[in-house]
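**Q** Quick one, what's the 3D model for this:
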Amino acid sequence: MRRRHRFVVPLPGDRLAVRLARCIVGLALFGLGISCFLTSDLGVASWDVFHQGVSRHSGIPIGIVIEITGVCLLLLWIPLRERVGLGTLLNAVEIGLVVFLIDDHLPHTDRLVPRLLYLMAGLLTIAVGSGLYIGAGLGSGPRDGLMLGLSKRGLSVRIARTVIEITVLMVGLALGGSVGLGTLAFTFGIGPLVQFFLPRLRMRGDVTVLATAH
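**A** Numbering: from 1, shown residues only. Predicted coordinates:
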């Protein structure tokens, strides 16, 4: 039985309702942050630069590229010994749904200052959302799981996330993806912000999440 569930996060026996609520709220904030980022129209995140580049070279629609990338990242979890959980499944469904529901309802503007505010709000909201849903201890999404796997091997969350973002950005650029101010802000800002919020938003007394949230 242990071997069968080696790559699955078991549902914690304590405070499950609280964990689930925090995970759902965190993912909703994550989706809101992405919507703010998109509304700023100042450049996409580094992963989306990568998705754009792959789509342009392969002819595969970008939505399908995103799904394929997620599956490939889950395969990378195996050597990193990251485990799939309920939070992983919710991540795959909820974030996209939230973006779909609210993206077109945010006021759009051509003025630079409001767009910069959207960018900063999006970055901050994604970081807070990440801290809440990862800190719930129910598992992470494919991209966050890569960060956590590297963190458990001695890298800080900040360095692990920044290295990942820079790497996919460079590959995306080589494949012809486009960048902007928002791309740079996300690439170099999300790692430090997640490092700040993740330990502070973990459930108190929880030992099931990060071993190295530093």
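**Q** what's the neighbour count on residue 89?
**A** Using other Cβ atoms under 10 Å, residue 89 has 13 neighbouring residues. (Glycine included, C-beta is placed from N, CA and C.)
**Q** Also the one 10 residues further on?
**A** Per other Cβ under 10 Å, the neighbour tally for residue 99 reads 18.
**Q** what are the phi and psi angles of it?
**A** Dihedral pair for residue 99: phi -60, psi -40, per degrees, to the nearest 10.
**Q** Same check on residue 8?
**A** As for residue 8, its main-chain torsions (degrees, to the nearest 10) stand at phi -120, psi 130.
**Q** can you pull the contacts of it?
**A** Counting by Cβ atoms under 8 Å, 6 or more residues apart in numbering, residue 8 touches 83-85.
**Q** Next: residue 126.
**A** Contacts here follow Cβ under 8 Å, 6+ apart; on that basis residue 126 touches 29-30, 33-34, 37, 190, 193.
**Q** repeat for residue 54
**A** 60, 65, 69, 172, 175.
**Q** neighbour-wise, which of the contacts of residue 126 leads?
**A** residue 37 (27 neighbours).
**Q** And it, how close does it get to residue 76?
**A** Distance of residue 37 to residue 76, given as Cβ to Cβ, to the nearest Å: 25 Å.
**Q** Find the helix or strand that the most centrally placed residue in the chain is a member of.
**A** Nearest residue to the geometric centre of the chain (Cα atoms, centre = their mean): residue 144, 5.1 Å. For residue 144, the host element (DSSP states H and E) is helix 142-151.
**Q** What count of nearby residues applies to residue 204?
**A** So residue 204, with other Cβ under 10 Å, has 6 neighbours.
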